[in-house]
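S.K.: sequence plus predicted model, see below.
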Amino acid sequence: MIQTLAARTLAVLTLAVAAAAAAAPDAAEARSLEEAKASGTLRVGIQADNCPWGCLDSTGQAQGFDAAVGRGLADHLGLKVEFVPLAVANRIPALTADKIDVIIASLGITAERAKSVQFSRPYAANTLFVTAAKDKALPDLTALAGKSVGVPRSAPMDTILTKDAPGADIRRFDDDAANIQALLSGQVEALGSNQFYLQRLEAARPGAFENKFQIGQLYQGIGTRLGEKDWNAAANDYLATFVGSEADRKAHDEWLKVPVVELPRQIDGVSFTIN
């Protein structure tokens with residue numbers, strides 16, 4: 001039921017965001033922090049189908065680690081949170097179209113993305129893998145030559161495998177749920193995945209799949225529009241109180257089920273603050 005509701009919601013939102021993106025305002029016209037405070041709400045872009053990061057439950061309520069971070073930011077600002085579910089490829093377009101105020105949607109910090117979105121300091125870590133059936137021999141990137149490999153469209157797994165495995169047959173899907181389903185249904189032989197895919201594959205088909213090798217290490221940040229100091233400062237101020245706190249540890253225990261790790265103070269090609 002959760003997947004059906006999430007898929008229906010995403011289909012509607014994908015069309016809405018695409019239409020809105022065509023008429024996107026420039027940064028100077030987008031909603032400021034003061035305007036958000038005047039409205040009493042904080043609009044947070046979140047994924048609808050990618051728990052433990054972000055998902056919708058059967059009542060349409062946002063759940064997951066990113067939802068906990070979003071609620072914490074809203075509380076920090078004294079605002080009511082309004083979650084906007086988004087497909088992976090629509091996260092940054094929704095922000096630039098002023099449909100949301102911030103992205104808290106498993107958005108990995110990369111120098112390439114930093115050209116179109118302002119990142120905060122990191123708030124969580126995510127390891128990327130190639131995942132496939134246990135009986136399939138895939139020891140390294142060269143073994144992917146001629147193999148069909150699923151990735152979420154425009155996600156870092158897409159970028160990494162397109163660059164580093166040029167002989168692979170890369171097949172792109174709209175989101176993580178569709179990517180996982182492609183492996184389960186036999187549409188692809190392997191996946192570009194993150195550290196939480198295996199939990200979902202294990203629930204669907206116990207003992208059938210494994211992570212073959214690591215392809216990257218990402219750190220998630222809160223995304224705001226380029227040049228908007230007010231939103232960037234608000235995100236960093238909140239994360240200074242959240243990262244490493246008891247609330248952070250509880251959210252890790254409840255959703256990610258991994259220990260809190262030390263996060264980097266800098267990432268090449270990315271500035272966490274607007275000077």
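M.R.: Received the coordinates, thanks.
S.K.: so which residues of the protein form helices?
M.R.: 2-22, 33-39, 65-77, 91-96, 156-164, 176-184, 197-204, 229-242, 246-251 (DSSP state H).
S.K.: against which helices or strands is the fourth one packed?
M.R.: Counting contacts by 3 or more C-beta pairs under 8 Å, 6 or more residues apart in numbering; DSSP states H and E, the secondary-structure elements packed against helix 91-96 are helix 2-22, strand 41-47, strand 102-103, strand 209-224. (Each C-beta comes from the backbone N, C-alpha and C, glycine too.)
S.K.: from the chain's centre, how far out does it sit?
M.R.: Put simply, helix 91-96 sits 12 Å off its chain's centre (C-alpha atoms, centre = their mean, to the nearest Å).
S.K.: picking up where we left off before, lowest-confidence stretch among the helices and strands packed on helix 91-96?
M.R.: Confidence, taken as mean pLDDT, is least for helix 2-22 of these (a mean of 46).
S.K.: who's the closest spatial neighbour of residue 128, skipping the chain neighbours?
M.R.: With sequence-adjacent residues excluded and distances taken as C-beta to C-beta, 6 or more residues apart in numbering, residue 128 is closest to residue 216, at 3.9 Å.
S.K.: my error: substitute residue 159 in the last question.
M.R.: Among residues not flanking residue 159 along the chain, residue 112 sits closest, at 7.1 Å (C-beta to C-beta, 6+ apart).
S.K.: wait, what's in contact with the nearest residue to residue 247 once chain neighbours are set aside?
M.R.: Closest residue in space to residue 247, ignoring its immediate chain neighbours: residue 72 at 6.3 Å, by C-beta to C-beta, 6+ apart. Residue 72 sits next to 238, 242, 247 when contact means C-beta atoms under 8 Å, 6 or more residues apart in numbering.
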